[in-house]
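Participant: Provide a 3D model corresponding to the input given below.
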Amino acid sequence: MSAVPQASSILASLGQATFVWDLVTDSIAWSDNAAAVFTDIPAQALKSGAEFARLIEPKASIRSDALGHTAPARSGEGVAYRIEYGVRASTSAPVIWIEETGCWFAGADGRPARAQGIVRVENERHARDEQLVRLSRHDPLTGELNRSHLIAALAEAIEEAARFRSSCAFMLIGIDHLARINDAFGFDVADGVIAEVGKRIRARLRGGDVLGRFSGNKFGLILRNCTVDDTNVAAERFLAGIRDEVVPTVSGPVSVTASIGAISIPRYARSADEAVTRAQETLDAAKSRRAGSFSLWRPNVERDAQRRVNIRVTDEIVTALNERRIVTAFEPVVEARSRQPAFYECLVRMEQDDGQALLAPDIVPVAERLGLIRLVDHRVLELAVAELAASPNVRLSLNISPATTMDPDWWSTIESLMRANTGVGERLIVEITETVAIQDIDDIRGFVTKLKNFGSRIAIDDFGAGYTSFRNLRKLGVDIVKIDGAFVQNIARSADDRAFVQTLIDLARRLQIKTVAEWVQDEESAVMLREWGCDYIQGRLIGLASPERPWSVPGAAVLPAAS
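Facilitator: Residues are numbered from 1 along each chain as shown. Next up is the predicted model:
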């Protein structure tokens, strides 16, 4: 039978040692294995509380502070305590992280007289805890602060700058065209580019500057004690550092540029949210002007006035939607030869408190810019379907914005309305812009197919303003092209416009696509269009949009099918 090992050898194998600390004499008696626990610590430094305290980090008094906080319940009873600290013999030596668990006992005067306990090495657990803390604070790809801690540091910098009347700058540095790198080389290469850009920014920071990853392709940077001139110089330094050398990746070298938007704080931003919003705004301005450029936020009276208008108009549009003051006007589209009504285009109007109505050009651009256009399109769709359901001889066309074409809610609405109103779909023409047809042709094709299954037809609005090929029109199954009125209105005076419009009409006829000429102003233009083979015309000559319903007027002509 093997001998039972001594307690000291067991403790040593566990990285633990015991002690008794006489606080009256300040002497510490350790178990025999203390040297195995406190490696590289001189034995002399372990003999007294004062000597041992000199080795402790981060606070030398942590052991003495732990004693005496709570009095013993009864005389002679010990009071338990637990503390953690690091020890090392010199600043160049590695820290040994210690967990100390023990009890202290009071003397006759009630003050701590003796402590005893056990210490154990906790280097691995401490390293894990530090890693968890680091992961909670830092971006795993770049090692820089994550967004939440960057924003917290920004708020602190703004408060500090305001208190001490100093100036700082906050920058958003956005990598240009990162999506192209993703598409061309894959996400691993794009991640490598992000990490390398972070290193290049980091290499050019001053002491006290704070860097963090703001989002996928953006870094946020807080520059303390930074004037406007300093900000300009720093921005150029960062831009040059990113663009002047290619980034080596596993797929080969990649050329990268970045754009910067910055704001001086606290002069132009009194909160972190305001600083971020304005830095993002200036970054967008820099990118729109030229990739690889820098923009510094400055007050702009016109911009601020426009924002106040946007806020007011947003409220007006939402209120009008809730109060059912979004209505439609109907502009006739007639056959070019007979001048008989073929269908009516539904145009949005917003009734105001004074009885006047805002027209589509006043509503649609603002609604698109403010993200309200889909709500407006929903309402106009409901109104158009209601008109079609109430008037079985009427055909209507309906404009929808680019945002609406990809809105699943809009499609759900039209689907339910079509099923609830049998036959309505066959008398509805949906107009989409040429821009949408160019950018999202594959997605739009699915949208078009669904509408055609209900018998609806598709028109391309403002045709000629973009670059849609007739091949794409055939691929989409377009039924009608509406020729942009900017070319039509001057055909009586412009040979170039005449040639352009006549060519479009001829090509559309060969592909069996109907044509509508918009903005027809005079009889001379109408005759030209008819002779060139244009199918339908609309505009001032025929009649502008009106809230009246011509098909409900007694004696009005029955509207023929727009075949």
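
Participant: Tell me how far N393 lies from V327.
Facilitator: 22 Å (CB to CB, to the nearest Å). Placement of C-beta: from N, CA and C, glycine included.

Participant: Those two - which one has more neighbours?
Facilitator: The residue with more neighbours, out of N393 and V327, is V327; 17 against 11, by other CB atoms under 10 Å.

Participant: residue closest to the middle of the protein?
Facilitator: For the chain, the residue nearest the mean C-alpha position is S215 (8.2 Å; CA atoms, centre = their mean).

Participant: what are the phi and psi angles of that residue?
Facilitator: phi -160, psi -170 (degrees, to the nearest 10).

Participant: can you tell me which residues contact it?
Facilitator: Contacts for S215 (CB atoms under 8 Å, 6 or more residues apart in numbering) come out as R147.

Participant: Test of understanding: give the bridge partners of it.
Facilitator: With DSSP bridges as the criterion, S215 is bridged to K218.

Participant: Which pLDDT does the model give it?
Facilitator: S215 carries a pLDDT score of 91 in this model.

Participant: Likewise for E548?
Facilitator: 89.

Participant: so it, which of the three states?
Facilitator: coil (DSSP: H, G, I helix; E, B strand; the rest coil).

Participant: Neighbours of the closest residue to it other than its chain neighbours, how many?
Facilitator: Among residues not flanking E548 along the chain, F330 sits closest, at 7.6 Å (CB to CB, 6 or more residues apart in numbering). F330 has 24 neighbours, counted by other CB under 10 Å.

Participant: same thing with G110?
Facilitator: What G110 shows, counting by other CB under 10 Å, is a neighbour count of 11.

Participant: So it, which state does it fall into?
Facilitator: Relying on three-state DSSP, one would call G110 coil.

Participant: Could you do the one 5 residues further on as well?
Facilitator: A115 carries the three-state label strand when classified by three-state DSSP.

Participant: Hmm, it is touching C103, no?
Facilitator: Yes - at 7.0 Å, A115 and C103 qualify as touching, with contact defined as CB atoms under 8 Å.

Participant: So between these two, which is more surrounded?
Facilitator: Using other CB under 10 Å as the criterion, A115 and C103 rank with A115 on top: 24 against 15.

Participant: Tell me the bridge partners for the more buried one.
Facilitator: W21, W104.

Participant: Find me the pLDDT at P5, would you?
Facilitator: P5 carries a pLDDT score of 48 in this model.

Participant: cool, R82 as well?
Facilitator: So, for R82, pLDDT stands at 91.

Participant: Check L135 too.
Facilitator: 65.

Participant: K47 is in contact with S27, isn't it?
Facilitator: Yes - between K47 and S27 there is a contact at 6.5 Å, judged by CB under 8 Å.

Participant: quick check: longest helix of this protein.
Facilitator: helix 301-322 (DSSP state H).

Participant: Quick check: next helix or strand after the helix or strand of the chain with the lowest mean pLDDT?
Facilitator: The weakest-scoring helix or strand in the chain, judged by mean pLDDT, DSSP states H and E, is helix 434-439 (a mean of 59). Using DSSP states H and E, the helix or strand that follows helix 434-439 in sequence is helix 441-453.

Participant: what's that next one packed up against?
Facilitator: Where contact means 3 or more CB pairs under 8 Å, 6 or more residues apart in numbering; DSSP states H and E, helix 441-453 is packed against helix 402-405, helix 408-420, strand 457-463, helix 470-476.

Participant: Packed most tightly, which of the ones you listed would that be?
Facilitator: Of all those, strand 457-463 has the most neighbours on average by mean count of other CB atoms under 10 Å, namely a mean of 23.

Participant: neighbours of D191, just the number please.
Facilitator: Neighbours of D191 (other CB under 10 Å): 16.

Participant: doesn't T142 make contact with it?
Facilitator: No - here D191 lies out of contact with T142, judged by CB under 8 Å, at a distance of 9.4 Å.

Participant: Low-confidence ranges, this structure, go.
Facilitator: For the chain, the stretches with pLDDT under 70 are 1-8, 12, 69-76, 130-135, 434-441, 465-471, 553-563.

Participant: ok so the residue nearest to E548 is a strand residue?
Facilitator: Yes - remark: F330 belongs to a strand, assigned using three-state DSSP.

Participant: so D535 makes contact with E335?
Facilitator: Yes - at 7.0 Å, D535 and E335 qualify as touching, with contact defined as CB under 8 Å.

Participant: Those two: which is more packed in?
Facilitator: When D535 is set against E335 and neighbours are counted by other CB under 10 Å, the residue ahead is D535, at 23 against 17.

Participant: From R498, how far off is that one?
Facilitator: D535 is 18 Å from R498, by CB to CB.

Participant: contacting residues for the residue nearest to E548?
Facilitator: 344-347, 396, 545-550.

Participant: Apply 10 Å and report the result again.
Facilitator: 341, 343-347, 384, 387, 394, 396-397, 543, 545-551 (CB atoms under 10 Å, 6 or more residues apart in numbering).

Participant: Run through the bridge partners of it.
Facilitator: Here F330, judged by DSSP bridges, has bridge partners C346, S546.

Participant: any idea how far F38 is from it?
Facilitator: With the distance defined as CB to CB, F330 ends up 92 Å from F38.

Participant: Likewise for D188?
Facilitator: 46 Å.

Participant: Check R290 too.
Facilitator: Distance, R290 to F38, by CB to CB: 62 Å.

Participant: ok, these two, which is more surrounded?
Facilitator: Higher neighbour count among R290 and F38: F38, with 23 against 11, using other CB under 10 Å.

Participant: which one of K47 and S27 has more residues nearby?
Facilitator: Using other CB under 10 Å as the criterion, K47 and S27 rank with K47 on top: 15 against 12.

Participant: Using the three-state scheme, assign R213.
Facilitator: strand.

Participant: Run through the residues that contact the nearest residue in space to it that is not next to it in sequence.
Facilitator: Spatial nearest neighbour of R213, excluding adjacent residues (CB to CB, 6+ apart): D139 at 4.0 Å. Neighbouring residues of D139 by CB under 10 Å, 6+ apart: 145-147, 149-150, 194-195, 198, 212-214, 219.
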